[in-house]
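1. With the sequence up front, the predicted model follows.
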Amino acid sequence: MFSRDTWREIFDTLNKNKLRTFLSGFTVALGILIFVGLVGMTNGLQNTFEYYFSRDATNILYLQPGRTSRPYKGYKSQRRIEFENEDLKDIKENFSIFIDYVSPMIRRGALVKYREESNNYTTIGADWGQQFAENTIMMKGRFINQEDVKNKTRNAVIGRLVEQDLFGNMNAMGKYIDVGGSVFKVVGVFQDEGGDREERQIFIPYTTRQLIEKNTDKIDLIVVGFRPEIGYTGAMALQRNLNKYLKDKKFISPEDQKGIFIRNVAEELERNQAFARVLAIIAAFVAFGTIIAGIIGISNIMVYVVKERTKEIGIRKAIGATPRNVISNILLESIFITTLSGFSGMIAGIALLSSLGDKLMDDYFILNPGIDTGLAISATIVLILFGSIAGYVPAKRAAQIKPIVALNEE
Amino acid sequence: MIEIKNLHKSYKMGSNALHVLKGIDFSVKEGELVAIMGSSGSGKSTLLNILGMLDVADEGEYNLDGMPIKNLNETKAANYRNKFLGFIFQSFNLINYKTALENVALPLYYQGMNRKKRQEKALKYLEQVGLKEWSHHLPSELSGGQKQRVAIARAMVTEPKVLLADELTGALDSKTSYEVMDLIQQINDKGNTILVVTHENDIAHMCKRIVYLRDGVIVKDEKVKQVRAKEYVQ
């Protein structure tokens, strides 16, 4: 059955029926190509989600003060809520079992100068906790530490691109820069996978920022880093309790939706992952449909091929082909074409995906699209298998037709 | 070589059964050239199909070279056809995408002969029918007479015990018909047993014996003086 002669006979037949060979091969190759492409693109989309969320820690709640929308306990509505240093301490004390760190943020734009070079950057008044929240990686020196916060030092930690902009090829460490009229000493340079914007930030101790601003104790934003082991449900519970605690503390009505805003990164991540999952399910559905369409396509072609060859089969049987000869010839032909074209389609698809890389990142949010090789091979094998089954049924029927009937077929 | 006794065959046509062969007794000795004559519907093609194991009889005995032909499954029938019989059809039945040589070599492929050997042998038989120069042409590039000669070479290539020809000149003009019959006579002269089904009188008289069939029974079986086709071929 697998002798060289059998294969030569099969190649001969395929070679001399080029259109037929091409059509069946094309159907299979296209089916697999679309399947690989679709699955790859979906994976690319998921990569993008992961890319955006992996740059910052996800075990974080952002607390942001707002403006009340209804009167409560003698306070009028439209009252501006503010956080103070004392709030940091209270949150830390009341929720200590859930919380890793509580970190303040005071964000200000500032003109920053070093000798002749100057530029506008975002400065963030922060403490040491911010390094975890932002997933900041130190390239040189250190981050803001407890001493800085306690002594309100004029130390600054600058982003990689700030150093590049202001210092060129020079080392910024130990140099003094002018941040909005105050002089700071550079004690560290960081990089961040979050992109250019995050590498153009400057961290200073939040207490120093408060000192510059007339020794206030106001805070823009509180970042709460909770223990990862409390999980998603724990985070949601913490969020509810923090909301209740702060509303109570700041005299905000429990029904007031605008007094305090809590942004939960974990929740956002969860939401986006759910979206990505739904997308993956839809894509899997479509990809599955593509394979089914491919199977139907190759089946139709096989039925047509066998029908077209009925007379030829009759001739072959009259001169001595056994039913087994007939079936194995048709089947091997079909398996050969589907295998060859299936794997070419698969390789073409994988090559296409890997050539894309991050080219589709900006317009279509698709990053490094790719497919698990095992999945691609399985899909190809499924198509080959079903193509063969689809070929076997009509081939068997054709092999059982009496040669005399097949010969009379015109 | 061929011996049949009390052969019956009927076809179901809806609720009616059409009794085509109604008890045929008939034998052919080695080296004979027999014409089976009859009008259409006389059962001559059915008889040939049964002799060729392309169809099975409902009743009766069939011995080919002393070997009883019965209870054949498809595979066995295919092997017997390949080994013992050569077919020549009215419509040639060549495989259109294969060259003359490949068509002739195909029965040998099913015998499991290796490629080189079967091509050599096929070429030898093509030479015998005078088509050596045409061996690499497709059937579509050949005339009707040439196609039939390729078909004859294909039937001969396995050196069968019996050649069965079904209206082999039916699709040819008379000049070409005589050329083909000349070839058949030459093959018969070498001792091959040949059965020719025809409804043409002149073709039948180029055989050595004519069996007349009417309504499923043999009405006449006579030896005739063979007309040599060569006389008509220039």
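-> Received the coordinates, thanks.

2. what sits against A:Asp165?
-> By C-beta atoms under 8 Å, 6 or more residues apart in numbering or on different chains, A:Asp165 lies in contact with A:117, A:119, A:200. Using the backbone N, CA and C atoms, a C-beta is placed for each residue, glycine as well.

3. what about it, is that helix, strand or coil?
-> Secondary structure, DSSP: H, G, I helix; E, B strand; the rest coil: A:Asp165 is helix.

4. rewinding a little: most neighbours, which of the contacts of A:Asp165?
-> Among the contacts of A:Asp165, the one with the most neighbours (other C-beta atoms under 10 Å in any protein chain shown) is A:Arg200, at 20 neighbours.

5. ok, it touching A:Tyr121?
-> Yes: between A:Arg200 and A:Tyr121 there is a contact under C-beta atoms under 8 Å: 5.6 Å.

6. Common neighbours of these two, please.
-> Taking C-beta under 8 Å, 6+ apart as the criterion, A:Arg200 and A:Tyr121 both touch A:159, A:162.

7. longest helix anywhere in chain B?
-> Counting by DSSP state H, the longest helix found in chain B is helix B:174-189.

8. Just the buried positions in it, please.
-> For helix B:174-189, the neighbour count (16 or more other C-beta atoms under 10 Å in any protein chain shown) marks B:176-185, B:187-188 as buried.

9. Beyond the helix or strand of chain A with the lowest mean pLDDT, next helix or strand please.
-> The weakest-scoring helix or strand in chain A, judged by mean pLDDT, DSSP states H and E, is helix A:361-364 (a mean of 72). Where DSSP states H and E defines the elements, the next helix or strand beyond helix A:361-364 is helix A:373-400.

10. Pull the distance from that next one to the chain's centre.
-> Put simply, helix A:373-400 sits 35 Å off its chain's centre (C-alpha atoms, centre = their mean, to the nearest Å).

11. Tell me the helices and strands packed up against it.
-> Where contact means 3 or more C-beta pairs under 8 Å, 6 or more residues apart in numbering or on different chains; DSSP states H and E, helix A:373-400 is packed against helix A:18-54, helix A:265-308, helix A:310-318, helix A:323-356.

12. just to revisit the earlier point, return the closest of the buried residues of helix B:174-189 with respect to chain A.
-> Distance to chain A across these (C-beta to the nearest C-beta) is lowest for B:Ile187, with 17.3 Å.

13. how much space between the closest one and B:Ala35?
-> According to C-beta to C-beta, to the nearest Å, B:Ile187 and B:Ala35 sit 15 Å apart.

14. A:Asp192 too?
-> Distance from A:Asp192 to B:Ala35, by C-beta to C-beta: 99 Å.

15. what's the answer for B:Asp189, then?
-> 16 Å.

16. and chain A, which residues reach chain B?
-> Counting by C-beta under 8 Å from any C-beta of the partner chain, the residues of chain A close to chain B are A:5, A:8-9, A:12-13, A:16-17, A:311-312, A:314-325, A:399-400, A:402-404, A:407.

17. any weak-confidence spans in chain B?
-> For chain B, residues meeting the criterion pLDDT under 70 lie at B:234.

18. Run through the bridge partners of the residue positioned nearest the centre of it.
-> The residue lying closest to the centre of chain B (C-alpha atoms, centre = their mean) is B:Leu164, at 1.8 Å. Beta-bridge partners recorded for B:Leu164 (DSSP bridges): B:Phe87, B:Leu195.

19. which residues sit in contact with it?
-> Shown in contact with B:Leu164 (C-beta under 8 Å, 6+ apart): B:48, B:51-52, B:85-88, B:195, B:197.

20. give me that answer again for 7 Å
-> With contacts defined as C-beta atoms under 7 Å, 6 or more residues apart in numbering or on different chains, B:Leu164 is in contact with B:48, B:51-52, B:85-87, B:195.

21. tell me the phi and psi of the residue with the largest distance to the centre of chain B?
-> Distance from the C-alpha centroid of chain B, by C-alpha atoms, centre = their mean, peaks at B:Ser15 (32.8 Å). Main-chain torsions, B:Ser15, degrees, to the nearest 10: phi -90, psi -20.

22. Would you check how far apart it and chain A are?
-> 21 Å (C-beta to the nearest C-beta, to the nearest Å).

23. Skip the chain neighbours and tell me the closest residue to A:Arg80.
-> A:Arg67 (5.3 Å; C-beta to C-beta, 6 or more residues apart in numbering or on different chains).

24. Number of residues surrounding B:Asn63?
-> Per other C-beta under 10 Å, the neighbour tally for B:Asn63 reads 15.

25. picking that back up, winner for burial among the helices and strands packed on helix A:373-400?
-> helix A:310-318 (a mean of 24; mean count of other C-beta atoms under 10 Å in any protein chain shown).

26. hey, C-alpha coordinates of that one in PDB?
-> What follows is helix A:310-318, C-alpha atoms only, in PDB (Å, rounded to 0.1, in the frame of the first residue of the first chain):
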ATOM      1  CA  THR A 310     -16.700   7.200 -11.500                       C
ATOM      2  CA  LYS A 311     -16.000   6.100 -15.000                       C
ATOM      3  CA  GLU A 312     -12.200   6.000 -14.400                       C
ATOM      4  CA  ILE A 313     -12.900   3.900 -11.400                       C
ATOM      5  CA  GLY A 314     -15.000   1.600 -13.500                       C
ATOM      6  CA  ILE A 315     -12.200   1.300 -16.100                       C
ATOM      7  CA  ARG A 316      -9.600   0.600 -13.300                       C
ATOM      8  CA  LYS A 317     -11.800  -2.100 -11.800                       C
ATOM      9  CA  ALA A 318     -12.500  -3.700 -15.200                       C
END
